[in-house]
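Undergrad: How does the following fold in three dimensions:
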Amino acid sequence: MASPITTVSGPDGVVVVGNQVWAGDGDSTVKVIDLKTNKIADTIKTGGTTRVDEMAYDPKDQIFIGINNAEEPPFAT
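TA: Model prediction:
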């Protein structure tokens, strides 16, 4: 008998901002990872329940956007 397949939603969208990686995660957060220490420096909650997916960063105006496209309705942070 085959084992059941378990679906796990983990990190997805990623942007690099200076010495940091911002990664969308399955718990509707963005993890900010310090590349010098390889540690999570911050966790940003988006208020959703699904993975933060697509992301973009505007270095000129220092604006970040992350999309929770699996939410109903989808939203941006």
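Undergrad: Hmm, I40 is touching V32, no?
TA: Yes. Proximity of I40 to V32 meets the contact threshold set by C-beta atoms under 8 Å, at 6.9 Å. The way it works is simple: take the backbone N, C-alpha and C, and place the C-beta from them, glycine included.
Undergrad: burial count for the closest residue to E71 other than its chain neighbours?
TA: In this structure, E71 finds its nearest non-sequential neighbour in G48, 4.9 Å apart by C-beta to C-beta, 6 or more residues apart in numbering. Close neighbours of G48, defined as other C-beta atoms under 10 Å, add up to 18.
Undergrad: now P59
TA: Counted with other C-beta under 10 Å, P59 comes out at 8.
Undergrad: Excluding chain neighbours, what is closest to it?
TA: P59 sits nearest to V17 (C-beta to C-beta, 6+ apart), 7.7 Å away.
Undergrad: now M55
TA: Among residues not flanking M55 along the chain, G13 sits closest, at 4.1 Å (C-beta to C-beta, 6+ apart).
Undergrad: so what's the one you found up against?
TA: 23-24, 52-55, 66-67 (C-beta atoms under 8 Å, 6 or more residues apart in numbering).
Undergrad: okay, those in TSV with neighbour count and secondary structure next?
TA: Below are these laid out as TSV (neighbours: other C-beta atoms under 10 Å; DSSP: H, G, I helix; E, B strand; the rest coil):
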residue	neighbour count	secondary structure
A23	21	strand
G24	28	strand
V52	30	coil
D53	16	coil
E54	14	coil
M55	19	strand
G66	27	strand
I67	19	strand
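Undergrad: from these, which single one is nearest P73?
TA: I67 (11.6 Å; C-beta to C-beta).
Undergrad: Poorly predicted segments of the chain, please.
TA: Low-confidence segments of the chain (pLDDT under 70): 1-12.
Undergrad: switch to 50 and redo it
TA: The chain contains residues with pLDDT under 50 at 5-8.
Undergrad: residue closest to the middle of it?
TA: The centroid of the chain falls nearest to G24 when counting by C-alpha atoms, centre = their mean (0.9 Å).
Undergrad: isn't that residue right up against A56?
TA: No. With contact defined as C-beta under 8 Å, G24 does not reach A56; the gap is 11.5 Å.
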